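S.K.: Predicted model and sequence below, questions to follow.
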Amino acid sequence: MLRFATIGSGWITDEYIHGAKDSGLWELSAVYSRDRARGEAYAQKHGAKLVFTDIEGLAACKEVDAVYIASPNAAHYSQCKALLQAGKHVICEKPLCAQAQKVRELVTLAEEKNLVFLEAIMFMHLPQRAVLEEALQKIGQLSLAKIDFCQRSSKLDSFLEGQVPNIFNPQLETGSLMDLGVYCVYPALHLFGKPESFTADAIKLNTGADGNGIITMKYPDKLVTLTYSKLGQAGANTDFQGNEGTVYVESISRLANISLWHKDGSTEKIYGEDEKYKLMGWEAKDFHRYITEPEKSREEYAHCKELSIWVAEFLEEARRHLGIRFESDGGA
Ligand SMILES: NC(=O)c1ccc[n+]([C@@H]2O[C@H](COP(=O)([O-])OP(=O)(O)OC[C@H]3O[C@@H](n4cnc5c(N)ncnc54)[C@H](OP(=O)(O)O)[C@@H]3O)[C@@H](O)[C@H]2O)c1
C-alpha cells in the first residue's frame, strides 16, 4: 500500500479519503491543516497518525509517499511545488493553476524528479467515460454539443447577504469558470481537441468573480457550447447531437445518467449513477497505477498531463476574454 496525506479539510477531502481507502491501495498517514486543532480533529475523524501545520514539515515526512491537495486554487501552485521538490507524488484538485506556465513548470518538475503529478478531474478516470465515447460513435455526424454544469452554489445565500465566501473571492482564484466551467472545458478538449476559435460571455459579481458564463467553441464541423453557473440550477444538462441520434448526460462531472436517443424516437438508458466517493476512488486508483506501473500507463498518463496543460491554457485565455483577472496574472 502507498501512504498518502491530505491538504484541506473540506467535504471533498472526506470523499477522496473514502474513495482512496475503499480502493484498498492507499493508507492515510497524515493530514495538513493551517490550524492545529482542526488538523487533529480531522486526523482523528479519518484515522491518520500525523498532523502537520506547515507544508515544509509535511514535505519532509518520510511516512508520506503522495499528497492529495484540496486547498483553494490560489494555494495550489506553491503547495504542489514544495511537495514535488521534496519528492512526493501529487494529485491536486482542479483547476491546477491560474497560469498555464505554472502547470507546465510543475509537469516538468515532476518529470525531472520521476514523480507523478496529476490533476484530480474525475471525468478522465471514470470507467463510464468509455460508455460515453462508445455512444458518441453511434450518433452519426456530430454537429452540436451543449456541455453544461450549472449548479446553484450552497454559498450563494451568504454571498447575497454580503459575505464573500471563498468560492466568490477572486483573491483565491475561484469563480464560476474556475470552479464549474473547468468541468465543461475538460470533455470538450478531450473529445474534440482544441477549437479553431471561441467566444465567451459572463456575468460578473461585485467581487470581480464570475457568477456564470457561456463559451461557444467553433470547430470546422461542429459548435460546442459550454454553459456553467453558480447562480442557478440547470434543468437541461448536457447533450451531444448527431444526425443519427443524441447522447444525453445528466451530470458531465460525474458522468451520471447517460441516455441515447435514436432517430426513430426511442431512448435507451446506458448508464446510471455512482456515489461520489466511488467516483473519486477511480482517480485514486489511476494515480496509484501511474506511480506503480509507469510502463503500462505511460501513454494514458501522458495524455492526462497534456490535457491539464491545454485546459490551463484555455482557461487562461477565456479569462483574458472575460476580463477575469487574478493578482497572480501580474501586469496592470
Ligand atoms: N472534485 C470535486 O468534485 C471538487 C469539489 C469541490 C471542490 N473541489 C476543488 O477542491 C479545492 C478546494 O475547494 P473547497 O471548496 O473545499 O475550498 P475551501 O472550502 O475554500 O477550502 C478548502 C480547505 O483549504 C483550507 N483553506 C481555506 N481557506 C484557505 C485560504 N485562504 N488559504 C489556504 N487554505 C485555505 C481549509 O483547510 P484548513 O483550514 O484545515 O487549512 C479548507 O478546508 C478547489 O480547488 C476546488 O476546485 C473539487
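M.R.: Sure thing, it's come through.
S.K.: what about the strands in the protein?
M.R.: 2-7, 26-32, 50-52, 66-69, 89-93, 117-120, 142-150, 197-204, 210-219, 222-229, 238-242, 245-251, 256-262, 267-271 (DSSP state E).
S.K.: which helices and strands sit right next to the fifth one?
M.R.: Contacts of strand 89-93 with other secondary structure elements, assessed using 3 or more C-beta pairs under 8 Å, 6 or more residues apart in numbering; DSSP states H and E, are made with strand 66-69, helix 73-85, strand 117-120, helix 276-292. C-beta here means a position set from N, CA and C on the backbone, and glycine is covered the same way.
S.K.: Any idea which of those gets closest to the ligand?
M.R.: Of all the helices and strands packed on strand 89-93, it is helix 73-85 that lies closest to the ligand, at 4.6 Å by C-beta to the nearest ligand atom.
S.K.: Report the outermost residue of this protein with respect to its centre.
M.R.: In the chain, counting by C-alpha atoms, centre = their mean, residue 264 sits farthest out from the average C-alpha position, at 36.4 Å.
S.K.: and that residue, how far is that from the ligand?
M.R.: Applying C-beta to the nearest ligand atom, to the nearest Å, the value for residue 264 to the ligand is 37 Å.
S.K.: Equivalent analysis for residue 153, please.
M.R.: Distance, residue 153 to the ligand, by C-beta to the nearest ligand atom: 10 Å.
S.K.: Find the residue closest to that residue in space, skipping its chain neighbours.
M.R.: residue 230 (4.1 Å; C-beta to C-beta, 6 or more residues apart in numbering).
S.K.: could you dump the helices and strands packed on strand 89-93 to a markdown table with mean neighbour count and mean pLDDT?
M.R.: Shown next, in a markdown table, are the helices and strands packed on strand 89-93 (neighbours: other C-beta atoms under 10 Å; pLDDT from 0 to 100):
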| stretch | mean neighbour count | mean pLDDT |
| --- | --- | --- |
| strand 66-69 | 25 | 98 |
| helix 73-85 | 21 | 98 |
| strand 117-120 | 24 | 98 |
| helix 276-292 | 21 | 97 |
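S.K.: now those as TSV including distance to the ligand?
M.R.: Output for these, formatted as TSV (distance: least, C-beta to the nearest ligand atom, whole Å):
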stretch	distance to the ligand
strand 66-69	8
helix 73-85	5
strand 117-120	6
helix 276-292	7
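S.K.: Tell me how many other residues surround residue 160.
M.R.: Residues near residue 160, counting by other C-beta atoms under 10 Å, number 9.
S.K.: any idea how far it is from residue 232?
M.R.: From residue 160 across to residue 232, the span is 13 Å (C-beta to C-beta, to the nearest Å).
S.K.: go on, residue 270?
M.R.: Using C-beta to C-beta, residue 270 is found at 28 Å from residue 232.
S.K.: List the contacts of the residue in the stretch 101-250 of the chain that the ligand sits nearest to.
M.R.: Using C-beta to the nearest ligand atom, the single residue of the stretch 101-250 of the chain nearest to the ligand is residue 166, 3.4 Å away. Residues near residue 166 by C-beta atoms under 8 Å, 6 or more residues apart in numbering: 72, 155, 172, 174.
S.K.: coming back round to it: neighbour-wise, which of residue 270 and residue 232 wins?
M.R.: Taking other C-beta under 10 Å, residue 270 and residue 232 do not tie; residue 270 has more neighbours (17 against 13).
S.K.: That one contacts residue 136, correct?
M.R.: No: applying C-beta atoms under 8 Å as the test, residue 270 and residue 136 come out as separate, 11.2 Å apart.
S.K.: Now do the longest helix seen in the chain: which elements does it pack against?
M.R.: When the chain is parsed with DSSP state H, its longest helix is helix 294-322. Helices and strands touching helix 294-322, as assessed by 3+ C-beta pairs under 8 Å, 6+ apart, comprise helix 100-112, strand 117-120, helix 182-192, strand 197-204, strand 210-219, helix 276-292.
S.K.: mind giving me JSON lines with these and columns for distance to residue 252?
M.R.: As requested, the helices and strands packed on helix 294-322 are exported to JSON lines (distance: least, C-beta to C-beta, whole Å):
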{"stretch": "helix 100-112", "distance to residue 252": "22"}
{"stretch": "strand 117-120", "distance to residue 252": "16"}
{"stretch": "helix 182-192", "distance to residue 252": "6"}
{"stretch": "strand 197-204", "distance to residue 252": "18"}
{"stretch": "strand 210-219", "distance to residue 252": "14"}
{"stretch": "helix 276-292", "distance to residue 252": "12"}
